[in-house]
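S.K.: Fold the following.
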Amino acid sequence: MTAAAVSREALLDQLREAVGAAHVLTGDQATRRFRKGHRTGEGPVLAVVRPGTLLEQWRVLQAAVAAGRIVILQAANTGLTGGSTPDGDGYDREIVLVSTLRITGVQVIADGAQVVCLPGATLDRLEQALAPLGREPHSVIGSSCIGASVLGGICNNSGGALVRRGPAYTQLALYAQVREDGSLHLVNHLGIALGSTPEEILTRLQSGDYAEADIAHDPQRAASDPNYGEHVRAIDADTPARFNADPSRLFEASGSAGRLCLFAVRLDTFPKEPSTVFYLGSNDPGDLTAVRRHLLTALPRLPIAGEYIHRTAYDIGEKYGKDTFLLIDRFGTARVPAAFAFKSRIDGFFERLGLRGVSDRLIQAATGLLPSHLPARMRQWRDRYEHHLLVRVSDDTADATRAFLSEHFGGSASGGYFECDAEEGRKAFLHRFAIAGAAIRYREAHRRDVEDIVALDVALRRNDRDWVEQLPAEIEADVVHKLYYGHFFCHVFHQDYIVKKGVDPVAMEHRMWTLLDARRAEYPAEHNVGHLYVAKPALAGFYRALDPTNTLNPGIGHTSKLRGWGDGECCAGAPAWPQGYRETGSDTPQ
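M.R.: Predicted structure coming up:
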């Protein structure tokens, strides 16, 4: 049967046979929370399919590819650039969206030094699995607070807040690829001997049916970025420390943005260390620049984290991120995905009645009646200082950090610091990450005054001392609020602009890009291009090399949505295969 001959109903029957009828969702209401992005992006789908095993995922992919449909792989759907949802129309084929959240699984190997994660593994669950071993994953809190998936982080080279570890990265993965002739191949570059056929490989991996002797430890294949610590210390380099289009961090699954169908990744874990948090404030950005440059170069070990918050972001986060803060503070991160899913169902119900943002306004009204949830000293620092910096260091460097801060701020009229107790430190970082979703709540609560949000994540050059943005007056006039926050030691900033009613947010974003280009910044820095940013030639070429038929997640980075990439020349000069690719391990056609 040819692809064109497979009708919608015939394909739906195949998908139901593969995963069970209850896990093939159709209709706008049933599919809403999957086809609508966390912050942006949405579009129609033929079906949302929820496989429960790796083998089911393979069979779904086989059916959809053979039928000539588009496949979009999605895990937690927590991305901020719409990268795992459809984006409007313009596609020349129907879309099958595959949600992998039912395929949970974290397999600890090498005495806890590494893990193998399946498609539905979340950062939160990985963190819980490693805690008894005294270890932690590449990223903690941050995205994990809204249930982000481990594999999603790898696909997007997600950055995270931890200075020593760099972007999420691995060269060890098990994935399926659609080759140029339209054939589907399963590629085992996991470094674990699991058999020869897709059925055997996937079944054995799912059940953990392998021994230590089956695991290869190839020094040529990394399970995390081995060079980032040295890279970020180079504070006088005239280039950013990390950004999504960096060719040196594009490797097979890493940075693939859904252009491969991932079944598992193998990752390093890291020792969890006792730490100390210092809370800094200043009205002079130069103070924080001096702190950054000193702590990155003078300490015997890098700081663990350095998170920046501007006063406006602090205020919006305190008021409009309160529910996220309180939910995590009282119930932990494990409850957050279920809360988001419930909220999505409520929003979907009211949207069918023509009412948008009902749950957001109700939640905001309720939390507005509660007292401030932030520690008193943080609130005092908010009143005194415009710029805030949260610094976490391992305890073996706490004395050196304390001595430097005491000297630097001794007698200073512009800034100061205090050393947090355990509760203050925990709440300070939780507040920082609650800020990330606060602009969305503000938009929904102020629909009459707000058109939308322009959200940028920007990597400044490591030697750039002028990191505080100065907007032209004509742009400033179109903005209600500017929220600046980010990973200060990596010089990665999140810049959320709440745009006034009637202002075109797309045109606003393009004006922002011009300003960033003039500053020689790179963007996006860690959320990947999704459907918001234009993929630069190296990144677009990487996508085309991974997916020459344009079957998996087409349109990402404003590339073609058409079969075979249409007639576009987006990727002239692209390499014939992803950088660093080596044809090793199992590569089984099916």
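S.K.: Which stretches in the stretch 351-500 of the chain count as strands?
M.R.: For the stretch 351-500 of the chain, the strands defined by DSSP state E, counting those that start in this stretch cover 387-394, 415-419, 450-459, 479-487, 492-500.
S.K.: export those to a markdown table and tack on mean neighbour count and mean pLDDT?
M.R.: Heads up, the C-betas are built off the backbone N, CA and C, glycines and all. Below are the strands of the stretch 351-500 of the chain laid out as a markdown table (neighbours: other CB atoms under 10 Å; pLDDT from 0 to 100):
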| stretch | mean neighbour count | mean pLDDT |
| --- | --- | --- |
| strand 387-394 | 23 | 98 |
| strand 415-419 | 19 | 97 |
| strand 450-459 | 22 | 93 |
| strand 479-487 | 21 | 97 |
| strand 492-500 | 23 | 96 |
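S.K.: Present the ones you listed as JSON lines; the columns should include distance to Asp236.
M.R.: As requested, these are exported to JSON lines (distance: least, CB to CB, whole Å):
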{"stretch": "strand 387-394", "distance to Asp236": "21"}
{"stretch": "strand 415-419", "distance to Asp236": "24"}
{"stretch": "strand 450-459", "distance to Asp236": "16"}
{"stretch": "strand 479-487", "distance to Asp236": "19"}
{"stretch": "strand 492-500", "distance to Asp236": "18"}
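S.K.: Out of these, which is closest to Tyr442?
M.R.: Closest approach to Tyr442 among those (CB to CB): strand 492-500, 5.9 Å.
S.K.: sec struct for Glu56, please.
M.R.: helix (DSSP: H, G, I helix; E, B strand; the rest coil).
S.K.: going forward can the numbers begin at 33, since that is how I track them
M.R.: Done: numbering now begins at 33, and the last item shifts to Glu88.
S.K.: re the thing from before, how about the strands of the stretch 383-532 of the chain, which one is nearest Thr85?
M.R.: Closest among the strands of the stretch 383-532 of the chain, using CB to CB: strand 482-491, at 34.7 Å.
S.K.: Now do that closest one against strand 511-519, angle only.
M.R.: Strand 482-491 and strand 511-519 are oriented at 30 degrees to each other (axes from the mean of the first three to the mean of the last three CA atoms, to 10 degrees).
S.K.: can you give me how far strand 482-491 is from the chain middle?
M.R.: 15 Å (CA atoms, centre = their mean, to the nearest Å).
S.K.: I'd like to know which of the strands of the stretch 383-532 of the chain lies nearest to Ala570.
M.R.: strand 482-491 (15.0 Å).
S.K.: The closest one to strand 524-532, inter-axis angle?
M.R.: Using the same axes, to 10 degrees: strand 482-491 against strand 524-532 is 160 degrees.
S.K.: what's strand 482-491 packed up against?
M.R.: helix 470-477, strand 524-532, helix 537-550 (3 or more CB pairs under 8 Å, 6 or more residues apart in numbering; DSSP states H and E).
S.K.: right, so of the ones you listed, which gets closest to Leu328?
M.R.: Of those, nearest to Leu328 by CB to CB is strand 524-532, at 13.6 Å.
S.K.: quick one, strands of the stretch 233-382 of the chain?
M.R.: Counting by DSSP E, counting those that start in this stretch, the strands of the stretch 233-382 of the chain are 293-300, 302-303, 307-314, 337-342.
S.K.: Packed most tightly, which of those strands would that be?
M.R.: Looking across the strands of the stretch 233-382 of the chain with neighbours counted as mean count of other CB atoms under 10 Å, the highest average goes to strand 293-300: a mean of 26.
S.K.: one step back: of the helices and strands packed on strand 482-491, which is nearest Asn220?
M.R.: Asn220 lies closest, by CB to CB, to one member of the helices and strands packed on strand 482-491: strand 524-532, at 33.4 Å.
S.K.: could I get stretch 520-536 in CSV with only the CA atoms?
M.R.: In CSV, the C-alpha atoms belonging to stretch 520-536 read as follows (Å, rounded to 0.1, in the frame of the first residue of the first chain):
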residue,chain,number,x,y,z
PHE,A,520,24.4,35.5,34.9
PHE,A,521,27.8,33.7,35.2
CYS,A,522,27.1,32.1,31.7
HIS,A,523,25.9,35.5,30.5
VAL,A,524,22.6,34.0,29.3
PHE,A,525,19.6,36.3,29.9
HIS,A,526,15.9,35.8,29.6
GLN,A,527,14.2,38.9,28.4
ASP,A,528,10.4,39.0,28.5
TYR,A,529,8.6,42.0,27.1
ILE,A,530,5.0,42.4,27.9
VAL,A,531,3.7,44.3,24.8
LYS,A,532,1.0,46.9,24.9
LYS,A,533,-2.4,46.3,23.3
GLY,A,534,-2.4,47.0,19.6
VAL,A,535,1.4,46.5,19.1
ASP,A,536,2.4,43.7,16.7
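S.K.: With Asp270 as the reference, measure out to Leu129.
M.R.: 42 Å (CB to CB, to the nearest Å).
S.K.: Please identify which of those two sits among more neighbours.
M.R.: Leu129 (25 against 10; other CB atoms under 10 Å).
S.K.: coming back round to it: out of the strands of the stretch 233-382 of the chain, name the one with the poorest average pLDDT.
M.R.: Ranked by mean pLDDT, the strands of the stretch 233-382 of the chain bottom out at strand 302-303, with a mean of 94.
S.K.: Return the distance of it from the chain's centre.
M.R.: That offset, for strand 302-303, works out to 21 Å (CA atoms, centre = their mean).
S.K.: Hmm, Leu488 and Ala553 touching each other?
M.R.: No: applying CB atoms under 8 Å, one finds Ala553 not in contact with Leu488, separated by 9.3 Å.
S.K.: How much space separates the nearest residue to Leu578 once chain neighbours are set aside from Tyr474?
M.R.: Leaving aside its sequence neighbours, Leu578 sits nearest to Arg291 (CB to CB, 6 or more residues apart in numbering; 4.1 Å). Relative to Tyr474, Arg291 is positioned 34 Å away (CB to CB).
S.K.: who has more neighbours, the two?
M.R.: Arg291 (27 against 24).
S.K.: Quick check: the more buried one touching Asp579?
M.R.: Yes: in this structure Arg291 lies within contact range of Asp579 using CB under 8 Å: 4.2 Å.
S.K.: check contacts around the residue nearest to Phe521 when sequence neighbours are not counted.
M.R.: Nearest residue to Phe521, sequence neighbours excluded (CB to CB, 6+ apart): Gly338, at 3.8 Å. By CB atoms under 8 Å, 6 or more residues apart in numbering, the contact set of Gly338 is 195, 324, 327, 421-424, 519-521.
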